[in-house]
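Visitor: Provide a 3D model corresponding to the input given below.
(2 chains, ligands or ions: 1)
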Amino acid sequence: MPEQPTTDEAFDAADLPGADAHPEPHTGPLGQTPSQTVGPFFGYALPYAGGPEVRAPWQPDAIRVHGTVRDGAGDPIPDAFVEIWGADAAGRPATARGSFARDPHGFAGFGRAAVDRDGHYSFTTVKPGAMRAGSAPYLLVTVFARGVLQHLFTRAYFGDEPEANAADPLLARVDAERRGTLIAEPDGERSYRFDLRLQGDGETVFLDYGTEV
Amino acid sequence: MHPPTTQPETTQRQISDEIAERQRRETDAAASAARPLAVHPRRDFAPYRSTTLRHPTHELVRADPEEIELVSPAFGHTDVAAEESDLTIQHAGEPLGERIIVTGRILDGDGRPVRNQLVEIWQANASGRYVHKRDQHPAPLDPNFTGVGRVITGDDGSYRITTIKPGAYPWKNHRNAWRPAHIHFSFFGSAFTQRLITQMYFPGDPLFALDPIYQSIVDPAARERLVAQYDHDVSEPEWAIGYRWDVVLTGPKSTWMEPEDADHA
Ligand SMILES: [Fe+2]
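Guide: From the prediction side, this is the model:
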């Protein structure tokens, strides 16, 4: 740091002529800050080492959740990223600090995965427990991409929980022909496929938590 | 001489006309429904061409947030080193450009500080160039500037970063399209539904009126909330120019109500 001036009279910028041209704080009374697209150039900034490994893949309870992000023409989106946030196997959110600097024996709950050139993402995590009686277990899934001006929320329920899914209040509110877009279907040993279609045939059901203002 | 590039056919005039027409339509619709203009951008804002195939066409389905949606990942000071909030000290030398400080507070919609949460930023260098392999703007990279930073908010929700002022940069949305100078910000709130990724702009930028990303927010008051203010109390003598930018993250309504139009989506 450079040396400070030796004399520093009490100075208040608000006393200067013209300083009252902007008398109010620019945010106003708690007006919400709007969203903007993540743009195309997040790839060197947001992904981090271990981001897709919410649970270390060698752990016996690890599952894989993966899929492809597609646009309205059905083409893979190569500049998207996905975040997941889920409860542990007992249905409790992780509360230990260190969602970035994660413990390989622990469970962070939160993960971030950029898609590859083919629009494909992949996480390892644990299969969450249900958080409420009468609700089915799910992962909260958030999608960001160039061209997406405000992120999109959805949920990945599990295809091997047919009874819990049949009773789930959110799934019940979704038209039967679109409900499948919220289901991660088993596609192998401890592996589930959850494709995301931003528009068009098979468009994913995206969710509004009262935040669409 | 700059290298020849293929330029899109669409002109700024056409884009500006589309922006004005869409904003007029949104303003009329809000007035006739006696509701305020939307805070967030319209996801189908066609003047920003990349939205065309990337916005959902179905109504979003109202969901009752469960516990996982009402809490947020637990970041902490073990995740982020203190130096990560200063983008000017990441290399052997000083980056070129105008050194700036950006500071402010992160609040929720009730005015409560968002404490100990992660803020991530990324930006172009002073020439308007990103350290990203697909950025083809023929402007120089700066070996002393990467343009990535992170900080954990304090107990009062405050954050503070030191960086250099990014340059405007061209993009291919239309002919002669330029983004106003901006810093990308990513926020986590105290509930995951408060998640926000946005861009902070600098006051008085002549490119605001021309930019379909900035103008995708149809409410002028909401747009202005993305513009930092020069703050002389933040500027440091013989060191850096200071800006203040406060951020408000709003979460789910505290009380879940079955929507009136409980039609299936
Ligand atoms: Fe940018």
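Visitor: can I assume B:Gln215 is in contact with B:Gln23?
Guide: Yes. Counting by CB atoms under 8 Å, B:Gln23 is a contact partner of B:Gln215 at 7.1 Å. Bear in mind the C-beta positions are built from the backbone N, C-alpha and C, glycine included.
Visitor: any weak-confidence spans in chain A?
Guide: A:1-29 (pLDDT under 70).
Visitor: go again with 80.
Guide: Counting by pLDDT under 80, the ranges of chain A that qualify are A:1-30, A:101-102.
Visitor: where do the strands of it begin and end?
Guide: For chain A, the strands defined by DSSP state E cover A:62-70, A:80-85, A:110-114, A:120-126, A:138-145, A:152-158, A:183-188, A:191-193, A:196-197, A:207-208.
Visitor: adding distance to chain B, write those strands out as a markdown table.
Guide: Output for those, formatted as a markdown table (distance: least, CB to the nearest CB, whole Å):
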| stretch | distance to chain B |
| --- | --- |
| strand A:62-70 | 9 |
| strand A:80-85 | 5 |
| strand A:110-114 | 4 |
| strand A:120-126 | 12 |
| strand A:138-145 | 6 |
| strand A:152-158 | 7 |
| strand A:183-188 | 15 |
| strand A:191-193 | 17 |
| strand A:196-197 | 9 |
| strand A:207-208 | 4 |
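Visitor: okay, these in a markdown table with mean neighbour count next?
Guide: As requested, the strands of chain A are exported to a markdown table (neighbours: other CB atoms under 10 Å in any protein chain shown):
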| stretch | mean neighbour count |
| --- | --- |
| strand A:62-70 | 22 |
| strand A:80-85 | 24 |
| strand A:110-114 | 22 |
| strand A:120-126 | 22 |
| strand A:138-145 | 25 |
| strand A:152-158 | 23 |
| strand A:183-188 | 16 |
| strand A:191-193 | 19 |
| strand A:196-197 | 22 |
| strand A:207-208 | 22 |
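Visitor: wait, which of these is closest to B:Thr57?
Guide: Smallest distance to B:Thr57 across the strands of chain A (CB to CB): 10.9 Å, for strand A:196-197.
Visitor: which neighbouring elements make contact with that closest one?
Guide: strand A:62-70 (3 or more CB pairs under 8 Å, 6 or more residues apart in numbering or on different chains; DSSP states H and E).
Visitor: so how far is the strand it packs on off the chain centroid?
Guide: Its chain's C-alpha centre lies 13 Å from the corresponding centre of strand A:62-70 when counted by CA atoms, centre = their mean, to the nearest Å.
Visitor: cool, and stretch A:127-141?
Guide: Worked out by CA atoms, centre = their mean, stretch A:127-141 lies 16 Å from the chain centre.
Visitor: next, count neighbours for the nearest residue to B:Leu37 once chain neighbours are set aside.
Guide: The shortest distance from B:Leu37 to any non-neighbouring residue, by CB to CB, 6 or more residues apart in numbering or on different chains, is to B:Asp219 (3.7 Å). For B:Asp219, the count of nearby residues is 20 (other CB atoms under 10 Å in any protein chain shown).
Visitor: which residues sit in contact with B:Asp219?
Guide: Going by CB atoms under 8 Å, 6 or more residues apart in numbering or on different chains, B:Asp219 touches A:Pro34, B:Pro36, B:Leu37, B:Ala38, B:Val39.
Visitor: quick one, what contacts the fourth one?
Guide: What it means is B:Ala38. Here B:Ala38 is in contact with A:Val213, B:Glu26, B:Ala30, B:Ile217, B:Val218, B:Asp219, B:Ala222 (CB under 8 Å, 6+ apart).
Visitor: could you list every helix and strand in contact with the longest helix anywhere in chain B?
Guide: Ordering each helix of chain B by length in residues (DSSP state H) puts helix B:12-32 first. With contacts taken as 3+ CB pairs under 8 Å, 6+ apart, helix B:12-32 sits against no other helix or strand.
Visitor: if we can go back for a sec, redo the strands of chain A as CSV? Include distance to B:Thr163.
Guide: Shown next, in CSV, are the strands of chain A (distance: least, CB to CB, whole Å):
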stretch, distance to B:Thr163
strand A:62-70, 31
strand A:80-85, 23
strand A:110-114, 23
strand A:120-126, 30
strand A:138-145, 22
strand A:152-158, 29
strand A:183-188, 40
strand A:191-193, 40
strand A:196-197, 33
strand A:207-208, 35
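Visitor: right, and those strands - which one's nearest B:Asp211?
Guide: strand A:138-145 (18.8 Å).
Visitor: residues contacting the closest one, please?
Guide: A:37-38, A:42, A:65, A:69, A:77, A:79-86, A:125, A:128, A:151-158, A:182, A:184, A:194, A:196, A:198, B:54, B:68-69, B:192, B:195, B:197.
Visitor: hey, where'd the helices end up in the chain?
Guide: All of this is about chain A. Using DSSP H, helices in chain A cover A:162-167, A:169-173, A:176-179.
Visitor: that answer is for a different chain, and I need it for chain B
Guide: Using DSSP H, helices in chain B cover B:12-32, B:67-70, B:220-224.
Visitor: tell me the mean pLDDT over the last one?
Guide: Yep, that's helix B:220-224 we're talking about. When pLDDT is averaged along helix B:220-224, the result is 97.
Visitor: how far off centre is that helix?
Guide: The answer for helix B:220-224 is 13 Å, by CA atoms, centre = their mean.
Visitor: and it with chain A, contact?
Guide: Yes. Helix B:220-224 reaches chain A (CB under 8 Å from any CB of the partner chain) through B:Ala221, B:Ala222, B:Arg223, B:Glu224.
Visitor: same for that helix, what does it pack against?
Guide: Helix B:220-224 packs on no helix or strand, going by 3+ CB pairs under 8 Å, 6+ apart.
Visitor: now it: buried residues?
Guide: B:Ala222, B:Arg223, B:Glu224 (16 or more other CB atoms under 10 Å in any protein chain shown).
Visitor: and if you look at the longest one?
Guide: Residues B:Ile15, B:Ser16, B:Glu18, B:Ile19, B:Arg22, B:Gln23, B:Glu26 are the ones in helix B:12-32 that count as buried (16+ other CB under 10 Å).
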